[in-house]
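K.L.:
Dropping a prediction and its sequence here:
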Amino acid sequence: MTTKLLVAVDLSRLSEKLVTYTRDLARRLGAEVTFIHVLPHTYLWKGYEPWIPQELDEEVRQIARKKIAYYLRKAEETDPPLEGEAPAHIVVEEGNPADFVVRKAREEGFDLIVVAYRGHSTLERLVVGSTASNIARYAHCSVLIYRPKGE
């Protein structure tokens, strides 16, 4: 039985639908759900260092956390939480998204990872590789790749 879901949210336009879908899935399975967003390493911004404020990392983390919380609130408006329903957890980290999601799922014993079938950019997918594909390939547990109707 699935008891812990890890949901990789990249904040693309599919993210709100993904949050709503997995919140409903977790409820049906009686599972605990954690939403995770992985920020790119700041070392990828080489050349910008002198002008990037040190507090930028924390600001970006807070923005990501607030955006996921907003998606959750919108989902709860149409489908309010049940009495005694466990609250969702929101995690924002930094690193390679696929590697971090796979590692977190293994280390914390998640039973299912849910990820959208596509993210922000076709160019990113061609150059870096699909996050969803890499998660599906290397995860220790089952992976559900979410594709909404009409996509």
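P.N.:
In hand now; what should we look at?
K.L.:
need the helix or strand of this structure with the lowest average pLDDT.
P.N.:
Lowest on mean pLDDT, DSSP states H and E among the helices and strands of the chain sits helix 122-128, with a mean of 45.
K.L.:
what comes up buried for the helix or strand that that helix is followed by?
P.N.:
Next in sequence after helix 122-128, counting helices and strands by DSSP states H and E, comes helix 131-138. By neighbour count on 16 or more other CB atoms under 10 Å, the buried set for helix 131-138 is 131-132, 134-136. Using the backbone N, CA and C atoms, a C-beta is placed for each residue, glycine as well.
K.L.:
likewise stretch 98-111?
P.N.:
98, 100-105, 110-111.
K.L.:
can you give me the strands in the protein?
P.N.:
Assigned by DSSP state E, the strands in the chain fall at 4-8, 32-39, 89-94, 112-116, 142-146.
K.L.:
Quick one: neighbours of His37, just the number.
P.N.:
Counted with other CB atoms under 10 Å, residues neighbouring His37 total 25.
K.L.:
How about the contacts made by the residue nearest to it when sequence neighbours are not counted?
P.N.:
Counting by CB to CB, 6 or more residues apart in numbering, His37 lies nearest to Ala64, which is 4.6 Å off, once chain neighbours are set aside. Contact partners of Ala64, counting by CB atoms under 8 Å, 6 or more residues apart in numbering, are 11, 37, 39, 92.
K.L.:
Roughly how far does the nearest residue to the first one once chain neighbours are set aside sit from Glu58?
P.N.:
Spatial nearest neighbour of Leu11, chain neighbours left out: Lys67 (5.8 Å); criterion: CB to CB, 6+ apart. To Glu58, Lys67 is 15 Å away according to CB to CB, to the nearest Å.
K.L.:
okay, and for this protein, where does confidence drop off?
P.N.:
Where the chain drops to pLDDT under 70, the residues are 1-2, 42-52, 54, 119-129, 150-151.
K.L.:
Apply 50 and report the result again.
P.N.:
122-128 (pLDDT under 50).
K.L.:
okay, the angle between the longest helix along it and strand 32-39?
P.N.:
Longest helix in the chain, counting residues (DSSP state H): helix 56-78. Angle of helix 56-78 versus strand 32-39, following axes from the mean of the first three to the mean of the last three CA atoms, to 10 degrees, is 140 degrees.
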